[in-house]
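> need coordinates for the below:
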Amino acid sequence: MRFLSGRAVNLSHVFLDDETPMVVSAVTVTVKDATGATVYTGSATSSGTTWSVTVPVQPQGVYTASWVAGTTATDTTSFEVVGGFLFTIPEARGSDVDLTDTARFTTADVKYYRGVVEDEFERITGRSFVSRTARVEVEADDSSTLLLGYFDVTALVAITGPLGVVDLTGWSVDRMGMVRSPAELVDGDRYTVTFTYGHDQAPEDVKRAGLLRLRSLLTAERSGIPDRATAFVAAEGGNFTLATPGRNGYETGIPEVDATLKRYKFSVLYDVFGTAR
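Below is the predicted model:
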């Protein structure tokens, strides 16, 4: 679940016993950031079996929310605050007349599959097309550099080392994810680095590819072609070979989308290592 930075975060939750909603009398919500620090604690309000809470504006990052219903149940969910989205919900609905049907394609479904598309594009290219915050642990190798394993890194947020929180004066990072310290680091020392990465604004061709992919996911049932098919014969005649994900270089199975994403891979690194991470 993702929320845009600079806005309050509206969370909701239903306690389930398998698939049966549980009836509870009171719920307290505690939200923690990636370091484990508590950023919010408050009581949730209910509407039937759905409990809701509004968390004040939070900076970019990944958070966990603990929903505590006394001694009856405790659930933990997570959410992320990001700097932007690949496309807006109005842009998604405007990309296909069918998607204007809010009863069939609810806002919750469109948001969910937008996140699926964003994650898929990052997995395929090794790059994020929205601004995100990550936190990784890396090991020093007796040099003055640390390699994060992420591309399009824009800023360091915090670093914690063997001696605790690091003063970032003199530290820098480039877009290829190479962190440079003002002095050599001890071999084997481990550092936890929090940083922002990704595009501040999605390129137009990637946005278009994202909208195409979203429509394919939301309207998959319209095609009438079995999921496992690699070819089909049309009723009007003619044999057709399908662009199948995982075969012949296709990732999503949509040629225009796959061609767009291929342009954003760092080809040399992929040729050498096989992956961006």
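> wait, is Met176 part of a strand?
No: applying DSSP: H, G, I helix; E, B strand; the rest coil, one finds Met176 to be coil, outside a strand.
> in this structure it contacts Val153, no?
Yes: the criterion here is Cβ atoms under 8 Å, and Met176 meets it with Val153 at 7.4 Å. (Glycine included, C-beta is placed from N, CA and C.)
> more neighbours, the two?
More crowded of Met176 and Val153, by other Cβ atoms under 10 Å: Val153, with 21 against 13.
> contacting residues for the more buried one?
Contacts for Val153 (Cβ atoms under 8 Å, 6 or more residues apart in numbering) come out as 173-177, 195-197.
> specify the beta-bridge partners of it.
Tyr197 (DSSP bridges).
> equivalent analysis for Leu11, please.
Note on Leu11: beta-bridge partners Val53, judged by DSSP bridges.
> neighbours of it, how many?
When neighbours are defined as other Cβ under 10 Å, Leu11 has 20 of them.
> who touches it in this structure?
Taking Cβ under 8 Å, 6+ apart, we find Leu11 in contact with 1, 29, 52-55, 65, 77, 79.
> which residues does the nearest residue to Leu16 once chain neighbours are set aside contact?
Leaving aside its chain neighbours, Leu16 sits nearest to Met22 (6.6 Å; criterion: Cβ to Cβ, 6 or more residues apart in numbering). By Cβ under 8 Å, 6+ apart, the contact list for Met22 reads 15-16, 49, 69, 72-73.
> tell me the buried residues within those.
15, 69 (16 or more other Cβ atoms under 10 Å).
> which of the helices and strands in this protein ranks last by mean pLDDT?
strand 239-241 (a mean of 49; mean pLDDT, DSSP states H and E).
> quick check: next helix or strand after it?
Per DSSP states H and E, the first helix or strand lying C-terminal to strand 239-241 is helix 255-263.
> the helices in the stretch 1-150 of the chain, which residues?
89-94, 107-125 (DSSP state H, counting those that start in this stretch).
> and the contacts of Met22, which of them are in strands?
16, 69, 73 (DSSP state E).
> next, count neighbours for the residue lying closest to the second one once chain neighbours are set aside.
Ranked by Cβ to Cβ, 6+ apart and with sequence neighbours excluded, the top spatial neighbour of Ala69 is Val24, at 3.8 Å. The number of residues packed around Val24, counting by other Cβ under 10 Å, is 17.
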